[in-house]
Structure formats: C-alpha cells, structure tokens
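Engineer: need a structure here:
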Amino acid sequence: METKAQLHSLTDTRRKVLQYSKKVWFGRFEELVLLTVASLQHPGSKMEIKRELETRLKQRLCSGSIQSALSRSVQKGFLTSHFGDPTDKQGGKRNRIYAMTSQSWEMLRKKEKIRAGLWDTILVRKHPTESNLYHSTKVVAKKRKPAKLNI
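Structural biologist: As a prediction, this is how the structure comes out:
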C-alpha cells in the first residue's frame, strides 16, 4: 500500500507532466493563430491577426478567443508581445504587438511533418470505394455444416 507521501509525489509528478505538455504543445486553434501571425510576415496586433484569420477561415471570430489563444501562446513562449506606439485611431491607446519566436517556428515545423506523414499514409491507402483492395481484405464468414453428434 502506498503512503500519503508517495501518493502526493505521484500527484505532483502528474501535475508537472501536464504542465510541461501544455507548455510545449499547442491546440488546433492556437496553431491557426500562430500560422496567422507567421503569415502576416511582420509583428501584428490582435485586430490584424483577427481580421486575417477571419478572412482565411471565412467566418467571424470572437475577439476573446483570439486574445486567449494569444495569451496562452505568449505564456508558453511561442509568441513575444510588447506595446506598440500610440495611435490616433484609439485616442492614443497603444496596441499590444505579437511576434513569432524560434520555438514557435520549430513546433509548427514539427506539426507540419506529423501531418504530412499522416496524409502520406492516407493517400497511399485509397478510400475503400476507389479500390478493390477493400473487397479483397473483407472477411467473409463461411457457412459451416452443423456438427454431427455421436450418441
């Protein structure tokens, strides 16, 4: 039986693993936001990123979802942020500007390789309706004769 200290240690280990995995990986939406920042080819504000992403996705997005993804990306070290110069449009308010880091480029390349590998395996195996391969591998149950009982 495990002691309380061992259970506590196990919990701490799990927590550290979860924290580490959250730091070095990102979700689908965060990936889209990072790719959008990269596609701007210059550091951009939240609204520039939002407009570009909405254009590419062809749908409206909530500013809060963009802000959350940007904040998480900054916390994980995938983006850097700083305040830009004051603008007249917003009454002298300064926008936060986001830029890619080397870590974000590295992770995007890793994800791209993973996806490319998966797509390669999918494209090698055609869809079942496009090939006779499906019919040749399909298992067909054979009809068996009932067993004779020796009484």
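Engineer: Just give me the longest helix of the chain.
Structural biologist: Secondary structure of the chain per DSSP state H: the longest helix is helix 102-124.
Engineer: list the buried ones in that helix?
Structural biologist: Judged by neighbour count using 16 or more other CB atoms under 10 Å, the buried positions of helix 102-124 are 104, 107-108, 111. Backbone N, C-alpha and C define where each C-beta goes, glycine included.
Engineer: In space, what's closest to Gly77 - neighbours in sequence excluded?
Structural biologist: Among residues not flanking Gly77 along the chain, Gln103 sits closest, at 5.3 Å (CB to CB, 6 or more residues apart in numbering).
Engineer: In contact with Ser73, which residues?
Structural biologist: Going by CB atoms under 8 Å, 6 or more residues apart in numbering, Ser73 touches 26, 30, 33-34, 79, 98, 104.
Engineer: Can I get those in JSON lines including pLDDT, distance to Ser63 and secondary structure?
Structural biologist: Shown next, in JSON lines, are the contacts of Ser73 (pLDDT from 0 to 100; distance: CB to CB, whole Å; DSSP: H, G, I helix; E, B strand; the rest coil):
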{"residue": "Phe26", "pLDDT": "81", "distance to Ser63": "19", "secondary structure": "coil"}
{"residue": "Glu30", "pLDDT": "93", "distance to Ser63": "16", "secondary structure": "helix"}
{"residue": "Val33", "pLDDT": "95", "distance to Ser63": "12", "secondary structure": "helix"}
{"residue": "Leu34", "pLDDT": "94", "distance to Ser63": "17", "secondary structure": "helix"}
{"residue": "Leu79", "pLDDT": "94", "distance to Ser63": "17", "secondary structure": "strand"}
{"residue": "Tyr98", "pLDDT": "96", "distance to Ser63": "14", "secondary structure": "strand"}
{"residue": "Ser104", "pLDDT": "91", "distance to Ser63": "21", "secondary structure": "helix"}
